[in-house]
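Undergrad: pasting a predicted model and its sequence here:
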Amino acid sequence: MTDIPITLLQFGDSPRLAGQDKKYTEQLAESETPLPPILVNRRTMQVVDGTHRVLAAILRGWETIPARLVDVSRNDAFLLAVEANTQHGLPLSQADRRAAAARLVTSHPHMSDRAIARVSGLGAKSVAAIRRSTVSESQLNARVGRDGRVRPVDRAAGRQRAAEVIAQNPEASLREVARLAGISPATASDVRKRLLSGENIVGEPSRPAAGAAPSTPEPRRDGPREQPGEHPASLLEPLLHDPAVRSAELGRRLLRLLQFNVIGGHKWFELAEAVPAHCDALVIALARQNAGTWLEIAQALDERVVQSPSLSRGQDGPPTPAG
């Protein structure tokens with residue numbers, strides 16, 4: 001605790017919608033009871049809790065006031081202000097508490113309904129209703145309860161966000177993916193492994209809500225399709241029988257990958273039909289990423305063919321390896 005010159009203090013960002021109560025300030029100024037220390041944010045010198053006490057100190061003619069300093073963000077300062085004003089001093093009105101809870105739901109989406117209810121002085125059901133009315137895409141899939149433990153809200157949503165982050169930035173670290181998706185690094189690692197192996201990123205099929213009727217997906221792509229092109233299996237056949245490729249572990253991995261991708265164009269369209277509407281953006285990003293990678297491989301091989309005379313003997317057909 002320290003004494004702070006009143007002239008250094010800043011006011012504002014109060015949870016009281018109607019501002020300060022003049023009568024209550026006068027009562028504090030006339031009281032002979034010592035004023036408890038106020039709470040001040042060191043970063044901004046803004047009064048977090050105790051504006052009435054500061055105004056009362058001014059009426060008393062004080063130049064300094066006892067204060068406790070905290071070093072927090074603006075959003076966390078508001079949270080502390082709400083919590084303090086529900087525990088002592090002039091009580092917050094019902095409108096004040098509801099407005100404060102609505103702001104906390106947005107600024108601290110990871111907090112559970114019960115945790116925000118405790119801070120704002122509302123019931124958990126009231127906070128839940130406020131959250132439903134203000135929910136947005138920025139809400140995280142995990143919340144911190146009153147006991148400090150993190151609990152998931154929607155397991156699939158967090159994994160879906162992680163997959164989108166990985167698709168958009170394959171070089172991102174697991175910690176970065178976890179931070180952006182609101183999940184643990186271990187879960188981010190599992191999502192990356194499942195993406196690489198082509199598995200379901202959630203790990204289990206989503207279950208419909210109790211009593212919900214099964215939905216029948218509607219076709220999302222209308223109109224004529226392009227006729228499937230030439231089947232590329234004939235291009236793969238020589239590689240499958242080439243000892244230089246089959247004898248090496250990397251070669252065998254390449255063959256497995258190529259075999260997996262060598263399917264007719266109509267088959268790809270069938271796979272596209274299996275993509276749920278809410279996953280379109282993710283699959284598009286992954287497809288483009290893979291297409292770009294294959295293009296880079298093709299370009300690298302093109303350059304190698306041009307630079308190596310032994311690989312460019314054939315003029316009318318594909319280059320043949322040197323014997």
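TA: Structure received. Numbers count the residues shown, from 1 in each chain.
Undergrad: just checking, residue 11 touches residue 45?
TA: No: with contact defined as Cβ atoms under 8 Å, residue 11 does not count as touching residue 45 (10.2 Å). C-beta: built from backbone N, CA, C; applies to glycine.
Undergrad: the nearest residue to residue 52 once chain neighbours are set aside sits in which helix or strand?
TA: Nearest non-adjacent residue to residue 52, counting by Cβ to Cβ, 6 or more residues apart in numbering: residue 25, 5.2 Å away. Under DSSP states H and E, the secondary-structure element containing residue 25 is helix 22-30.
Undergrad: show me which residues of that helix are buried.
TA: Of the residues in helix 22-30, those buried under the neighbour-count criterion (16 or more other Cβ atoms under 10 Å) are 25, 28, 29.
Undergrad: got a markdown table for these, with distance to residue 276 and pLDDT too?
TA: Shown next, in a markdown table, are the buried residues of helix 22-30 (distance: Cβ to Cβ, whole Å; pLDDT from 0 to 100):
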| residue | distance to residue 276 | pLDDT |
| --- | --- | --- |
| 25 | 59 | 92 |
| 28 | 60 | 92 |
| 29 | 64 | 92 |
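Undergrad: run a quick neighbour tally on residue 284.
TA: A count of nearby residues for residue 284, using other Cβ atoms under 10 Å, gives 12.
Undergrad: kindly apply the preceding question to residue 80 instead.
TA: In terms of burial, residue 80 registers 16 neighbours under the definition other Cβ under 10 Å.
Undergrad: that one reaches residue 47, doesn't it?
TA: No: assessed by Cβ under 8 Å, residue 80 is found out of contact with residue 47, at 11.1 Å.
Undergrad: now what about the host helix or strand of residue 130, what contacts it?
TA: Per DSSP H and E, residue 130 falls inside helix 124-134. The contact list for helix 124-134, computed with Cβ atoms under 8 Å, 6 or more residues apart in numbering, reads 98, 101, 102, 105, 106, 113, 114, 116, 117, 120.
Undergrad: again, only using 6 Å
TA: Counting contacts by Cβ atoms under 6 Å, 6 or more residues apart in numbering, the residues outside helix 124-134 that touch it are 101, 102, 105, 113, 114, 116, 117.
Undergrad: with only the CA atoms kept, save it in PDB.
TA: Included here for helix 124-134 are C-alpha records, laid out as PDB according to Å, rounded to 0.1, in the frame of the first residue of the first chain:
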ATOM      1  CA  ALA A 124     -25.600 -18.500 -13.200                       C
ATOM      2  CA  LYS A 125     -28.800 -18.900 -15.200                       C
ATOM      3  CA  SER A 126     -29.000 -15.200 -15.800                       C
ATOM      4  CA  VAL A 127     -25.400 -15.100 -17.100                       C
ATOM      5  CA  ALA A 128     -26.100 -18.100 -19.300                       C
ATOM      6  CA  ALA A 129     -29.000 -16.200 -20.900                       C
ATOM      7  CA  ILE A 130     -26.800 -13.200 -21.400                       C
ATOM      8  CA  ARG A 131     -24.200 -15.300 -23.000                       C
ATOM      9  CA  ARG A 132     -26.700 -16.900 -25.400                       C
ATOM     10  CA  SER A 133     -27.800 -13.400 -26.500                       C
ATOM     11  CA  THR A 134     -24.300 -12.100 -27.000                       C
END
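Undergrad: re earlier: quick one: which two of the contacts of helix 124-134 are the most distant?
TA: Greatest spatial distance in these: 102 and 114, 16.3 Å, computed using Cβ to Cβ.
Undergrad: you'd agree residue 68 is in a strand?
TA: Yes: when classified by DSSP: H, G, I helix; E, B strand; the rest coil, residue 68 is found to be part of a strand.
Undergrad: which ones are touching residue 70?
TA: Under the criterion of Cβ under 6 Å, 6+ apart, the neighbours of residue 70 are residue 41.
Undergrad: what is it paired to in the beta sheet?
TA: With DSSP bridges applied, residue 70 shows beta-bridge pairing to residue 41.
Undergrad: tell me the predicted confidence for it.
TA: Turning to residue 70, the model gives it a pLDDT of 92.
Undergrad: follow-up on the earlier one: just the buried residues of the helix holding residue 130, please?
TA: When neighbours are counted by 16+ other Cβ under 10 Å, the buried residues of helix 124-134 are found to be 126, 127, 128, 130, 131.
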